[in-house]
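**Student:** sequence and predicted model, in that order:
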Amino acid sequence: MARHIVARTSDIPPGGNKVFGVEGRDIVVFHVNGEFFALLNRCPHEGAPLAKAACVARLTSPEPGVYQRSRVGELLRCPWHGWEFDMRNGQSWFDPQRVKVRSYPVAVESGGELQKGPYVAETFPVHVEDSYVIIET
Amino acid sequence: MSDVIDRPILGEQVAAQSRLRIIDCDVHPSIHAHADIEQFMPKGWQEHLRTYGSHLRTPYIGTTPYPRSSPLIARRDAWPPTGGPPGSDLDFMRKQHLDPLDIEYGILQVLDLFIFSQQNLEFGAAIQRAINDWQLAFWSDREPRLKASILAGQDDTEFAIAEIERCAKIGRYVQINVCPRANEPLGRRRYWPIYARAQELGLPLGIHVGGYGGHAPTGSGWPSYYVEEHQSNAHTMAAQLKSLVLEGVPERFPNLKIVFIEGGFGWIPSATWRMDRHFEAFRSEVPHLKRRPSEYVKEHFWFTTQPIDEPDEAKHLRSLIEWVGVDRLLFSSDYPHWDFDDPRYAFKTPLTETERRKIFNGNARALYKL
Ligand code: FES
């Protein structure tokens, strides 16, 4: 696994993101609530740049008319068709039953009310060492 | 990883289409600054626009219907660096859309100012005229890849004809656009003079979804959610297809070509199957039809592809394309709107090289005489 030191932590303001060219790929690093997350800058649906995604909350509803927000800023909403991806692991929360997914190992947080969708945005481990952001590819 | 989906994506198709230039039948330009459009309006109407603005029949009190999913229904990456709304900066459109996607021609579809939904028909006519001039001055004149459509709101038929004549004389427009949200279904006779003129001029009639008419877009009233309203685009188009066919428009105007824009195409097979089946039983109610409804659909109508359907299994999209007819489909992106289709990735089913050529280029080239 190659380690790439891409930025100082202060280079990416809270709530912001920055794109880095790493080994010929564009990788976008988000800074959310003190944590850093790295994903391939390309939506697995039709290829939109995820750097332009909205960072939104997880919105769930136990019944019509009742809305609950959680994990504020940790969900990516694709700039084109609005599919949502979990920044932590790239898991899509879009349309669970529709498409068969080849088995793909992903660490998933507790499933909650929603089922996982078929798509996964590619993520990379990120470390912060001495205030540098390091991506592993 | 982006290729975890168990269905054919891309790799080979992208390579195969390498030199296939694309004709995009639905590109939305926007007005960058109000002054751009005002220069094409007489002083009186400029003042009217500033003083009264639009008078529409939407049920959404005190609002325009935007943002709708994302501000100005746009892709979040489509806001030009020069300011102004998405679709309003030609250089940025070239850089983000026309150049990288190798667009040979883009057909312009203007939605600004709710042109077709203005209840004040004279004001509506003034802004249609202005927009038609602006399309040439700001887009087609500066970028030969972009082709303009004559916007002609059909509820003032007389004005529509006059505007069609005026623009046809200029000779640079490739299509006449009317709206699916008119006061009456599009097959009704009050609109026939427009169809007659379109046929004589050899210009296709374009019908782009949207507009805010006085009728709810569903048979049971106004939808509660945008996600619900977005579905109703297809119902509206289906209703208009049936009206045009069953009232006898293609029978009466055998050389008229009609293009349904941004309604998708998944609903067409069942709509035409059902029309055919009922035609067998109710033939005597519509004796002016000489042929089965599906035959009119196959010969007189074209459909742009966006928003493309994405069934569970790729082979179902494939069947859909065959049922509608490879000759009937025109690729469209809907740039810069949020439900944009990228020509490289939107068709998640394999197409042969011949099919690709037709859908992405050949059909539109022949239809619009490009
Ligand atoms: S490209 Fe991301 S949702 Fe379609």
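**Tutor:** Received it, and whenever you're ready, just let me know what you need.

**Student:** any weak-confidence spans in the stretch 201-350 of chain B?
**Tutor:** Within the stretch 201-350 of chain B, not a single segment meets pLDDT under 70.

**Student:** the helices in it, which residues?
**Tutor:** For the stretch 201-350 of chain B, helices defined by DSSP state H, counting those that start in this stretch occupy the ranges B:226-246, B:249-252, B:268-282, B:293-300, B:314-324.

**Student:** tell me which of the ones you listed sits nearest to B:Tyr191.
**Tutor:** Put simply, out of the helices of the stretch 201-350 of chain B the one that sits nearest B:Tyr191 is helix B:249-252, at 8.5 Å, with distance taken as CB to CB. To be clear about C-beta, it is placed using only N, CA and C from the backbone, and glycine gets the same treatment.

**Student:** report the central residue of chain A.
**Tutor:** When chain A is reduced to its mean C-alpha position, the nearest residue by CA atoms, centre = their mean turns out to be A:Met87, at 2.3 Å.

**Student:** show me what contacts it?
**Tutor:** A:Phe30, A:Val32, A:Phe37, A:Leu39, A:Cys55, A:Glu74, A:Leu75, A:Leu76, A:Thr123 (CB atoms under 8 Å, 6 or more residues apart in numbering or on different chains).

**Student:** just the ones of those in strands?
**Tutor:** Among the contacts of A:Met87, the residues falling in strands (DSSP state E) are A:Phe30, A:Val32, A:Phe37, A:Leu39, A:Cys55, A:Glu74, A:Leu75, A:Leu76, A:Thr123.

**Student:** any chance of those residues in CSV, with pLDDT and distance to B:Asp36 too?
**Tutor:** Rendered in CSV, the data for the ones in strands among the contacts of A:Met87 read as follows (pLDDT from 0 to 100; distance: CB to CB, whole Å):
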residue, pLDDT, distance to B:Asp36
A:Phe30, 93, 37
A:Val32, 92, 40
A:Phe37, 91, 41
A:Leu39, 92, 39
A:Cys55, 94, 34
A:Glu74, 93, 41
A:Leu75, 92, 38
A:Leu76, 92, 35
A:Thr123, 89, 44
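
**Student:** thinking again about what came up before, for the helices of the stretch 201-350 of chain B, give me a markdown table that also has mean neighbour count.
**Tutor:** Below are the helices of the stretch 201-350 of chain B laid out as a markdown table (neighbours: other CB atoms under 10 Å in any protein chain shown):
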| stretch | mean neighbour count |
| --- | --- |
| helix B:226-246 | 19 |
| helix B:249-252 | 19 |
| helix B:268-282 | 15 |
| helix B:293-300 | 19 |
| helix B:314-324 | 17 |
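
**Student:** could I get the ones you listed as JSON lines with distance to the ligand?
**Tutor:** JSON lines is the format used below for those (distance: least, CB to the nearest ligand atom, whole Å):
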{"stretch": "helix B:226-246", "distance to the ligand": "15"}
{"stretch": "helix B:249-252", "distance to the ligand": "36"}
{"stretch": "helix B:268-282", "distance to the ligand": "23"}
{"stretch": "helix B:293-300", "distance to the ligand": "30"}
{"stretch": "helix B:314-324", "distance to the ligand": "16"}
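
**Student:** any chance of CSV for those helices, columns distance to A:Pro13?
**Tutor:** As requested, the helices of the stretch 201-350 of chain B are arranged in CSV below (distance: least, CB to CB, whole Å):
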stretch, distance to A:Pro13
helix B:226-246, 32
helix B:249-252, 58
helix B:268-282, 49
helix B:293-300, 55
helix B:314-324, 42
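
**Student:** who touches the helix or strand of chain A with the lowest mean pLDDT?
**Tutor:** Across the helices and strands of chain A, mean confidence by mean pLDDT, DSSP states H and E is lowest for strand A:126-129: a mean of 84. Applying CB under 8 Å, 6+ apart, the external contacts of strand A:126-129 come out as A:Thr9, A:Val29, A:Phe36, A:Phe37, A:Ala38, A:Val133, A:Ile134, A:Ile135, A:Glu136.

**Student:** bridged to the second one, which residues?
**Tutor:** In this entry, A:Val29 is beta-bridged to A:Lys18, A:Ala38, by DSSP bridges.

**Student:** what is the neighbour count of it?
**Tutor:** The number of residues packed near A:Val29 is 24, by other CB atoms under 10 Å in any protein chain shown.

**Student:** need the pLDDT of it.
**Tutor:** According to the model's per-residue confidence, A:Val29 sits at a pLDDT of 92.

**Student:** now do the contacts for the closest residue to the ligand within the stretch 51-200 of chain B.
**Tutor:** Of all residues in the stretch 51-200 of chain B, B:Arg75 sits closest to the ligand, with a separation of 9.3 Å (CB to the nearest ligand atom). By CB under 8 Å, 6+ apart, the contact list for B:Arg75 reads A:Ala48, A:Lys52, A:Pro79, A:Trp80, B:Pro86, B:Tyr335, B:Pro336, B:His337, B:Trp338, B:Phe340.

**Student:** let's see it at 7 Å
**Tutor:** Counting by CB atoms under 7 Å, 6 or more residues apart in numbering or on different chains, B:Arg75 touches A:Pro79, A:Trp80, B:Pro86, B:Pro336, B:His337, B:Trp338, B:Phe340.

**Student:** how about the helices in the stretch 51-200 of chain B?
**Tutor:** Going by DSSP H, counting those that start in this stretch, the stretch 51-200 of chain B shows helices at B:90-93, B:121-134, B:157-170, B:192-201.

**Student:** what's the closest non-adjacent residue to the residue of the stretch 1-150 of chain B found nearest chain A?
**Tutor:** Taking CB to the nearest CB as the measure, the point where the stretch 1-150 of chain B comes nearest chain A is B:Arg76, at 3.4 Å. Counting by CB to CB, 6 or more residues apart in numbering or on different chains, B:Arg76 lies nearest to A:Pro79, which is 3.4 Å off, once chain neighbours are set aside.
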